[in-house]
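Q: Provide a 3D model corresponding to the input given below.
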Amino acid sequence: MYHWAPLATDADEDHSGPTGFLLDNDVDVELLRFIQGAGASAVQLSPAMRTSSDEDVLAEAKRQDRVLITHDRRFVDPQSVEREKNSGVIIIPRDKQGRLDWPLISAILAHIVLSRFVVDQTVWRVFPSWRFTIWNPNEYTDEMEPIFCRVNR
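A: Below you'll find the predicted structure:
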């Protein structure tokens, strides 16, 4: 028989509230407006950081306690990102014609916006096939492990 137990949380960090987002310099203003229109907090990367390294951008997202959204598939290696430096990354690629799949983005963000802890220290890699991989830290081995998911249309 299984018993339910509450998840342990760090008293210094409250990730139970709404998710805030930081949009990388390759993310256009349409996605910013879309997220804000859904009532979530989203800001663009400051112009001063437009030429910063990926590590610096990730550090800025952590400093602001925001989940970073990027279109850059090579932004971070999910297996080597350090947990303590990662407030969460969502990689949303464009299709071959450079377009975004708005229903897919809406479906993914619907799972993330209301619960900050869902993305903390993870890397979400979204694919146009309505599949995504969540690279999640294993608390026992401290390694990033993939969870393969699919969004039903």
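
Q: need the helices for this structure, in chain order.
A: When assigned using DSSP state H, the helices of the chain occupy the ranges 29-37, 54-64, 102-112.

Q: surely T122 touches P137?
A: Yes. Counting by Cβ atoms under 8 Å, T122 sits close enough to P137 to count as a contact (7.3 Å). In this view, the C-beta of every residue, glycine as well, is placed from N, C-alpha and C.

Q: neighbour count winner among the two?
A: T122 (23 against 18; other Cβ atoms under 10 Å).

Q: next up, the contacts around that one.
A: Under the criterion of Cβ atoms under 8 Å, 6 or more residues apart in numbering, the contact partners of T122 comprise 86, 88-89, 134-137.

Q: what's the helix or strand of the chain with the lowest mean pLDDT in contact with?
A: Least confident helix or strand, the chain: helix 102-112 with a mean of 84, by mean pLDDT, DSSP states H and E. For helix 102-112, the surrounding residues in contact (Cβ under 8 Å, 6+ apart) are 19, 31, 34-35, 38, 40, 67, 90, 92, 118-119, 124, 126, 128, 130, 132, 151, 153.

Q: below-threshold pLDDT in the chain: ranges please.
A: Confidence mapping of the chain against pLDDT under 70 gives the ranges 1-17.

Q: what's the distance between stretch 41-60 and the middle of its chain?
A: 14 Å (Cα atoms, centre = their mean, to the nearest Å).

Q: do me a favour and get the end-to-end distance for that stretch?
A: Criterion Cα to Cα, to the nearest Å; first-to-last residue distance in stretch 41-60 is 16 Å.

Q: could you pull out the buried residues of it?
A: 42, 44-45, 49, 57-60 (16 or more other Cβ atoms under 10 Å).

Q: what segments of the protein are strands?
A: Taking DSSP state E as the test, the strands found in the chain are 20-23, 41-44, 67-70, 89-91, 123-127, 131-137, 144-150.

Q: good, we can wrap up now.
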